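1. whatever this is, show me its structure:
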Amino acid sequence: MLNSFTAHLKSSNRILALFGAGLFAASGLPTYRSPSSFWRTYSGQQLATPKKFEEDPGLAVPNEAHVALARLAGVKGRLCQRAGHPATQIVDFHCSLFHVRCVDGACGYEAGNLTSPITPALALPNGVDIADASVPLPDVGVDELPQCPKCKTDLLRPAVFWFGEGVPEEREVKVENEGRDLMLVVGTSAVVYPAAAYITKARERGARVAFSIWRLKVAGIARPESEDWSFVGAAAVLVP
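-> Purely as a prediction, here's the structure:
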């Protein structure tokens, strides 16, 4: 199987790669399905949603105090860019945690932000492990959270796309009509749309698909077809 994949890879000129959180596990960033993906008693699916932000913005606004949101937003600190991958060839489906935007879409404010904490109220308390669910968290009032400097009426939020939010059309990678030779699916269950749709589109345009998955027979993982290749193990080991 490896020989046939290598031969096809060498002969391929049009390659599309779909990377997921599993690609970054070896960099110390747990995936959504790992035991360490919980922050206190919250799972990623609970925290990284518009509903949770609306209910408790003091809990949901990300900073170093709850690194889980950085992991759960799907944004991995731009590790691909730092590894030397051309930025023009990368599309972050979930956008970037290093940007903030107004919660009111009609306002339209968005800006880069590298300040941590983004507001003094979210500063890490000294000598306290806030990842421990038994440690009480201080109450953070809405008036202590970052306000939009443009409309001055709403909060700023991470400029990422949470669970339940659609990815704008301009951020979707287009599978060109002229076809694809090969698609690499690395570190992702490949069942979440719209990203999952690219596998079907690539196949329709002639591509064969190679999966790098952490283990077989996991619920909620796209199933390879007979013409595909499947390599099981850690992406950091298999891909090189």
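
2. isn't Gly108 up against Cys102?
-> Yes - between Gly108 and Cys102 there is a contact under C-beta atoms under 8 Å: 7.1 Å. Bear in mind the C-beta positions are built from the backbone N, C-alpha and C, glycine included.

3. find the residues that touch each one of those two.
-> Taking C-beta atoms under 8 Å, 6 or more residues apart in numbering as the contact criterion, the common neighbours of Gly108 and Cys102 are Lys150.

4. neighbour count: these two, which is higher?
-> Counted by other C-beta atoms under 10 Å, Gly108 and Cys102 do not tie: Cys102 has more neighbours, with 23 against 11.

5. for the top strand by length along the chain, the averaged confidence score.
-> Among the elements of the chain assigned as strand by DSSP state E, the one spanning the most residues is strand 95-102. The predicted model assigns strand 95-102 a mean pLDDT of 84.

6. what packs against the helix or strand following it?
-> For strand 95-102, the succeeding helix or strand toward the C-terminus, using DSSP states H and E, is strand 110-112. Using 3 or more C-beta pairs under 8 Å, 6 or more residues apart in numbering; DSSP states H and E as the contact criterion, the neighbours of strand 110-112 among helices and strands are strand 95-102.

7. ok, the strand it packs on: who's next to it in the sheet?
-> Strand pairing for strand 95-102, using DSSP bridges, gives strand 110-112 (antiparallel), strand 156-160 (antiparallel).

8. just confirm Arg203 is within a helix.
-> Yes - under DSSP: H, G, I helix; E, B strand; the rest coil, Arg203 sits within a helix.

9. quick check: closest non-adjacent residue to it.
-> Leaving out its chain neighbours, the residue that sits closest to Arg203 by C-beta to C-beta, 6 or more residues apart in numbering is Val209, at 6.6 Å.

10. so Met183: helix, strand or coil?
-> When the structure is reduced to helix, strand and coil (three-state DSSP), Met183 reads as strand.

11. how about it, what does it touch?
-> Each residue near Met183 by C-beta under 8 Å, 6+ apart is listed here: 15-18, 198-199, 202-203, 207-210.

12. most tightly surrounded among the strands paired with strand 95-102?
-> Among those, strand 156-160 has the highest mean neighbour count (mean count of other C-beta atoms under 10 Å), at a mean of 23.

13. and the average pLDDT for it is what?
-> Averaged over strand 156-160, pLDDT sits at 89.

14. mind checking which helix or strand of this structure has the lowest mean pLDDT?
-> Lowest by mean pLDDT, DSSP states H and E among the helices and strands of the chain is helix 68-72, with a mean of 35.

15. who are the packing partners of the host helix or strand of Ser230?
-> For Ser230, the element it lies in under DSSP H and E is strand 229-232. Where contact means 3+ C-beta pairs under 8 Å, 6+ apart, strand 229-232 is packed against helix 2-11, strand 208-213.

16. just the C-alphas of the longest one, formatted as CSV.
-> In other words, helix 2-11. Output of helix 2-11 as CSV, limited to C-alpha atoms (Å, rounded to 0.1, in the frame of the first residue of the first chain):
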residue,chain,number,x,y,z
LEU,A,2,2.8,2.4,0.9
ASN,A,3,4.5,1.8,-2.5
SER,A,4,1.4,2.5,-4.5
PHE,A,5,0.7,5.7,-2.5
THR,A,6,4.3,6.9,-2.9
ALA,A,7,4.1,6.3,-6.6
HIS,A,8,0.8,8.2,-6.9
LEU,A,9,2.1,11.1,-4.7
LYS,A,10,5.2,11.5,-6.9
SER,A,11,3.0,11.6,-10.1
